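Asker: The sequence isn't on hand, but the structure is:
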């Protein structure tokens, strides 16, 4: 085989292996940021000349970095969020890979370029994280950002390979986001049920102590919670604790 084909083939194999590693994440029941950290770490090992990788997550109204493999990636992301411009943001807006050449893009992204120079970063590649939906539209999750100290890093072939990688990565992150949302919903429901149970028991105690009806018992709890500026549920728990201590 021609040596001209060996290097691209090796990069393709490396990307395929990285995508294969992501398969374990599709059904993983882990928080979004934990999955994002594994996606970033896998990408770092897959692409040549990558020195740091981060995951930008779009969560309206804020944009944040869900994971990074190095402090410099996190700091470069933050410079872009603060200035409102930079390759990671442009990749999400345009929904296409964006390569930054630090020596050539000063006027385009001055804040990002100056910060990158201070850290020794010479090139970056940001690729949007997109996932297909039931209506055949693509949901934008954020971007995968790769930073390098090598000025010649990341050619168009790398960009296309990372598009393949982010198709799988986006699915893993999307699944993690849905799992995390469902867990938070369950937790909120559990808290609501516990809160209601505590309040109902406190109402029952007031009815037994004062011979009042349920409406009056609840009104007493609300009045006292407002007077003391605490939540009704916290007041109910405090009251039940006192009753238990004196029983």
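Answerer: Alright, I've got the coordinates. Given the structure is predicted, the values throughout are model-derived calculations rather than measurements. Residues are numbered from 1 along each chain as shown.
Asker: care to break the chain down by domain?
Answerer: What automatic domain parsing lists as the domains of the chain is 3-182, 184-246.
Asker: And the ones you listed, which one averages the lowest pLDDT?
Answerer: In terms of average pLDDT, domain 184-246 trails the rest of the domains of the chain, at a mean of 79.
Asker: which helices and strands does the strand or helix carrying residue 80 pack with?
Answerer: Using DSSP states H and E, the element containing residue 80 is helix 71-83. Secondary-structure packing of helix 71-83 (3 or more C-beta pairs under 8 Å, 6 or more residues apart in numbering; DSSP states H and E): strand 52-59, strand 62-68, helix 87-94, helix 110-119, strand 138-148. (Glycine included, C-beta is placed from N, CA and C.)
Asker: List the backbone torsions phi and psi for residue 84.
Answerer: Torsion angles at residue 84 (phi, psi; degrees, to the nearest 10) stand at phi 80, psi 20.
Asker: Now the residue lying farthest from the centre of the chain: phi and psi?
Answerer: When distances are taken from the C-alpha mean of the chain, residue 211 lies farthest, 52.4 Å away, according to C-alpha atoms, centre = their mean. Backbone geometry at residue 211, expressed as degrees, to the nearest 10, gives phi 70, psi 30.
Asker: cool, residue 209 as well?
Answerer: phi -80, psi -40.
Asker: Just the element for the closest residue to residue 171 other than its chain neighbours, please.
Answerer: In space, and not counting its chain neighbours, residue 171 is closest to residue 131: 5.4 Å by C-beta to C-beta, 6 or more residues apart in numbering. Following DSSP H and E, one finds residue 131 within strand 123-132.
Asker: Determine the set of other helices and strands touching that strand.
Answerer: With contacts taken as 3+ C-beta pairs under 8 Å, 6+ apart, strand 123-132 sits against helix 87-94, strand 98-101, strand 138-148, helix 156-210.
Asker: possible to save these as TSV with distance to residue 18?
Answerer: Output for the helices and strands packed on strand 123-132, formatted as TSV (distance: least, C-beta to C-beta, whole Å):
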stretch	distance to residue 18
helix 87-94	19
strand 98-101	19
strand 138-148	11
helix 156-210	6
